[in-house]
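K.L.:
Predicted model, plus sequence, below.
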Amino acid sequence: MKILIIEDEMKLAGLLQKGLAENGFTVDLCYDGQEGLHMAQNYPYDAILLDLMLPDMDGITILQALRARENDVPVLVVTARGEIEERVIGLDSGADDYIAKPFDLAELMARLRAAIRRSKGKPSPLIAVADLSIDTNAKTVSRAGRAITLSAREYALLEYLALNSGRVVSRAEMIEHIYETQYEWDSNVIDVYINYLRNKIDKGFSPPLLHTVRGAGYILRGQ
């Protein structure tokens with residue numbers, strides 16, 4: 001899952017980036033409001049962590065601009081302004097959640113995962129596709145009760161496909177959601193990881209769940 005952090009406190013932004021990356025998220029950083037709005041409007045993200053007090057443009061203005069353009073990306077406001085009135089303004093402006101500083105990183109990540117799942121129509125942390133089970137909290141995978149070990153990149157790709165199960169996902173979309181924005185990718189990188197996944201989640205099982213849609217991309221689905 002790909003997250004945009006818009007936060008002008010560079011030390012905090014770096015700590016958030018490190019913590020999220022260690023837990024399997026891909027992270028882009030912005031340190032001012034104008035750049036943050038540009039990134040949010042022009043690149044796809046699974047969620048945004050948004051500070052309110054920013055240079056150039058405040059967080060509420062960013063949030064209102066996104067919602068005015070019907071951009072429904074989950075936005076979690078993370079701010080030192082934790083008064084009830086501030087929370088009401090943030091939520092009424094379209095925020096999906098509101099977290100006051102200082103906060104616990106584990107709680108922030110739990111709220112982030114929950115917001116992303118809700119946006120995909122899958123509120124439960126357990127995603128099942130036929131007999132394939134994915135625990136998005138523990139980041140574990142099993143099929144027919146048999147544990148499957150995946151690399152971090154394999155898991156990230158499978159989780160994205162599972163959150164979008166039943167829908168064809170293009171190679172470009174997968175790249176956009178599991179790699180940093182500035183990543184210069186080889187056109188075959190997704191095909192390589194899809195092959196790795198097939199060998200782990202389909203080989204030796206029936207029916208196959210990971211399908212190629214020629215000229216369009218891939219889809220994870222049961223029969």
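P.N.:
Everything's here; your move. Keep in mind that what you see is a predicted model, and the values were worked out from it rather than measured.
K.L.:
May I have the longest helix along the chain exported as PDB, CA atoms only?
P.N.:
For the chain, the longest helix by residue count, based on DSSP state H, is helix 105-119. C-alpha atoms of helix 105-119 as PDB (Å, rounded to 0.1, in the frame of the first residue of the first chain):
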ATOM      1  CA  LEU A 105       2.800   4.500  15.900                       C
ATOM      2  CA  ALA A 106       1.100   1.100  16.300                       C
ATOM      3  CA  GLU A 107      -2.300   2.800  16.800                       C
ATOM      4  CA  LEU A 108      -1.700   5.100  13.800                       C
ATOM      5  CA  MET A 109      -0.800   2.100  11.600                       C
ATOM      6  CA  ALA A 110      -3.900   0.200  12.800                       C
ATOM      7  CA  ARG A 111      -6.100   3.200  11.900                       C
ATOM      8  CA  LEU A 112      -4.300   3.500   8.600                       C
ATOM      9  CA  ARG A 113      -4.900  -0.100   7.700                       C
ATOM     10  CA  ALA A 114      -8.600   0.100   8.700                       C
ATOM     11  CA  ALA A 115      -9.100   3.300   6.600                       C
ATOM     12  CA  ILE A 116      -7.600   1.600   3.600                       C
ATOM     13  CA  ARG A 117      -9.700  -1.600   4.000                       C
ATOM     14  CA  ARG A 118     -12.900   0.400   4.400                       C
ATOM     15  CA  SER A 119     -12.100   2.400   1.200                       C
END
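K.L.:
Enumerate the positions of that helix that are buried.
P.N.:
For helix 105-119, the neighbour count (16 or more other CB atoms under 10 Å) marks L108, M109, R111, L112, R113, A114, A115, I116, R117, S119 as buried. C-beta: built from backbone N, CA, C; applies to glycine.
K.L.:
can you check stretch 16-35 too?
P.N.:
16-17, 20, 24-31, 33, 35.
K.L.:
Just flag the most distant two among those residues.
P.N.:
Spanning the widest gap among the buried residues of stretch 16-35 are G24 and G33, at 27.8 Å by CB to CB.
K.L.:
re the thing from before, out of the buried residues of stretch 16-35, which comes closest to E9?
P.N.:
Nearest to E9 among these: Y31, at 8.6 Å, using CB to CB.
K.L.:
quick one: average pLDDT of the longest helix of the chain?
P.N.:
The average pLDDT within helix 105-119 is 93.
K.L.:
Now find how far off-centre it is within its chain.
P.N.:
9 Å (CA atoms, centre = their mean, to the nearest Å).
K.L.:
Who are the packing partners of it?
P.N.:
When contacts are defined as 3 or more CB pairs under 8 Å, 6 or more residues apart in numbering; DSSP states H and E, helix 105-119 packs onto helix 10-22, strand 47-50, strand 75-79, strand 97-100.
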